[in-house]
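> sequence and predicted structure below; questions after.
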Amino acid sequence: MWGTQESAEVGHFSSVLSRLQSNKESLPQCSQQANSSASHHTSHKPTMPTLLAIISFLLTLTLAASQDLCPKNEYACLDIINSSQCLAPLVLQKTSPLTNENMIKCINYEGVVSNLAPAEKFCRCPGCHTEPINKAIRDMFPGPCG
């Protein structure tokens with residue numbers, strides 16, 4: 001069966017275990033409470049509100065991905081995305097009056113990739129920026145496009 005070395009190891013572990021058990025009994029009351037609350041915490045089961053919050057978060061992510069209002073494969077939207085350094089100060093910092101003409105100036109730059117009219121570009125790409133800029137685009141250039 002077991003050799004003398006294994007018997008000695010089992011005996012050693014048994015004595016260590018009995019010392020640990022006797023030390024546990026002499027622990028102060030607060031340490032025992034901490035141990036019991038820690039073991040209670042590890043067996044915590046998710047509550048219904050927690051599960052609902054997780055499901056809601058996952059649904060929000062799914063819907064956000066499916067409702068992308070910035071078609072990245074449309075050249076007009078690339079022009080809108082590239083205009084962010086002009087649109088952000090205009091909309092967020094109000095460096096100039098927020099008018100259709102000032103917003104159109106932001107996408108009339110050298111090197112545009114789409115030959116559509118500026119108003120058409122804004123109308124086709126209402127979701128290519130942060131929400132305040134997207135709101136300004138939707139308000140100034142509402143659909144239907146063209």
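Ah, there it is.

> tell me, how many residues neighbour residue 131?
8 (other C-beta atoms under 10 Å). Every residue, glycine included, has its C-beta placed from N, CA and C.

> do residue 111 as well
Neighbours around residue 111, by other C-beta under 10 Å: 6.

> can you check residue 80 too?
Look at residue 80: counted by other C-beta under 10 Å, it has 26 neighbours.

> quick one: low-confidence residue ranges for the chain.
Applying pLDDT under 70 to the chain picks out residues 1-44, 51-52, 56-67, 146.

> quick check: closest non-adjacent residue to residue 96.
Nearest residue to residue 96, sequence neighbours excluded (C-beta to C-beta, 6 or more residues apart in numbering): residue 102, at 5.2 Å.

> quick one: contacts of stretch 135-143?
80, 87, 91, 98-100, 103, 119, 122-123, 125-126, 129 (C-beta atoms under 8 Å, 6 or more residues apart in numbering).

> which element is the residue nearest to residue 96 on?
Counting by DSSP states H and E, the element that carries residue 102 is helix 100-107.
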